[in-house]
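1. Give me coordinates for this.
(one chain, ligands or ions: 1)
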Amino acid sequence: GGVRKDLQTRGNRAQTLERQAWSVTSGLPLPQPPPSPPGKGSRALPRPGGRRKGDGWGLRTCRGRPRAFGSEQPWETGAFFTKVVDLGASSLKLEIWDTAGQEKYHSVCHLYFRGANAALLVYDITRKDSFHKARQWLADLEKELHPGEGVVMLVGNKTDLGEQREVTFQEGKEFAESNKLLFMETSAKLNLQVSEVFSTVAQELLQREARQSHSAQGDAAVVLNASPAPQAKCCAR
Ligand SMILES: Nc1nc2c(ncn2[C@@H]2O[C@H](COP(=O)(O)OP(=O)(O)OP(=O)(O)O)[C@@H](O)[C@H]2O)c(=O)[nH]1
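-> Numbers count the residues shown, from 1 in each chain. Modelled structure (predicted):
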């Protein structure tokens, strides 16, 4: 799935930045026109179509809507959600596309990653195969996200099923570290660490944005400082 991010500085003072980010669960999308969220126009990005239930991959609570676990309603089978993350000085509105888990649509998954600011790679800690699939998804993601751009978090879900665990915390952490990913474990069922996933990703997005803007200012200073030099040389002739 995917996420589009609106950043708004509090007090309505500053700019509204628009960024696109994609969250990637284990699922694979059927590309369809995305729905229009309330109050917004139609979107140019695809969203997943159907959902195959029960493969244990998804992080349902990423949809950012209050509801009881397992109480899905037919109208909730769509895959576009928004979540506002309050970060104190700023808040981020994440627009999230959830992919549906269908391997045969793997070839179109790049549509969901393109232009992403962020991605969540979610696996099921009770299924080693889902962990291996997450690694494959990362390879796909890396083709679409430019190096150093895009925040990717690896998420091990279903910590409430600890006795059935097949992927250790350490394995997840080491894989994440070796690929420069953020890492967390969650239980969507118990709502453990779910909001932390989003706030951590949002924080990281903001920090990267601040660093980029800082470095852009640095570049501008170099250009400004650079231009008088040739003139001075010229005039000295
Ligand atoms: N025990 C437990 N079950 C979970 C948890 N998260 C999801 N499930 C269950 O796992 C199954 C799959 O959940 P989905 O949210 O449909 O998984 P998904 O990967 O998004 O599904 P796809 O759309 O096929 O990718 C469902 O039966 C959920 O109720 C969790 O944290 N703990």
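2. Going by C-alpha atoms from here, please, whenever you check contacts or count neighbours.
-> OK.
3. By mean pLDDT, flag the weakest helix or strand of the chain.
-> Each helix and strand of the chain was given a mean pLDDT (mean pLDDT, DSSP states H and E); the minimum falls on strand 16-21 at a mean of 40.
4. Can you mark which positions in the helix ranked longest in the chain are buried?
-> Ranked by residue count, the top helix of the chain under DSSP state H comes out as helix 194-226. The neighbour-count check on helix 194-226 (16 or more other CA atoms under 10 Å) flags 194-195, 197-206, 208 as buried.
5. ditto for stretch 149-166
-> By 16+ other CA under 10 Å, the buried positions in stretch 149-166 come out as 150, 151, 152, 153, 154, 155, 156, 157, 158, 159, 160, 165.
6. Specify the local secondary structure of the third one.
-> What it means is residue 152. With DSSP: H, G, I helix; E, B strand; the rest coil as the basis, residue 152 sits in strand.
7. what number of residues lie near the residue found closest to it once you drop the neighbours it is linked to in the chain?
-> Leaving aside its sequence neighbours, residue 152 sits nearest to residue 119 (CA to CA, 6 or more residues apart in numbering; 4.7 Å). Using other CA atoms under 10 Å, residue 119 has 26 other residues around it.
8. Look up which residues are beta-bridged to residue 90.
-> Taking DSSP bridges, one obtains residue 9 as the residues bridged to residue 90.
9. list the buried ones in stretch 164-176?
-> In stretch 164-176, counting by 16+ other CA under 10 Å, buried: 165, 167, 172, 173, 176.
10. Next, see if stretch 119-138 gets close to the ligand.
-> No: judged by CA under 6 Å from any ligand atom, stretch 119-138 stays clear of the ligand, getting no closer than 7.7 Å.
11. by contact count, what packs against the helix or strand containing residue 94?
-> Using DSSP states H and E, residue 94 sits within strand 90-97. Under the contact definition 3 or more CA pairs under 8 Å, 6 or more residues apart in numbering; DSSP states H and E, strand 90-97 sits against strand 3-9, strand 16-21, strand 80-86.
12. which residues touch the residue lying closest to residue 156 once chain neighbours are set aside?
-> Closest residue in space to residue 156, ignoring its immediate chain neighbours: residue 185 at 4.4 Å, by CA to CA, 6+ apart. Each residue near residue 185 by CA atoms under 8 Å, 6 or more residues apart in numbering is listed here: 155, 156, 157, 158, 159, 169, 193.
13. From residue 209, how far off is residue 185?
-> In this view, residue 185 and residue 209 are 25 Å apart by CA to CA, to the nearest Å.
14. try residue 187
-> From residue 187 to residue 209 the distance is 29 Å (CA to CA).
15. Could you check how far residue 136 is from residue 193?
-> According to CA to CA, residue 136 stands 24 Å off from residue 193.
16. the more surrounded of the two?
-> It is residue 193, of residue 136 and residue 193, that has more neighbours when counted by other CA under 10 Å, with 16 against 12.
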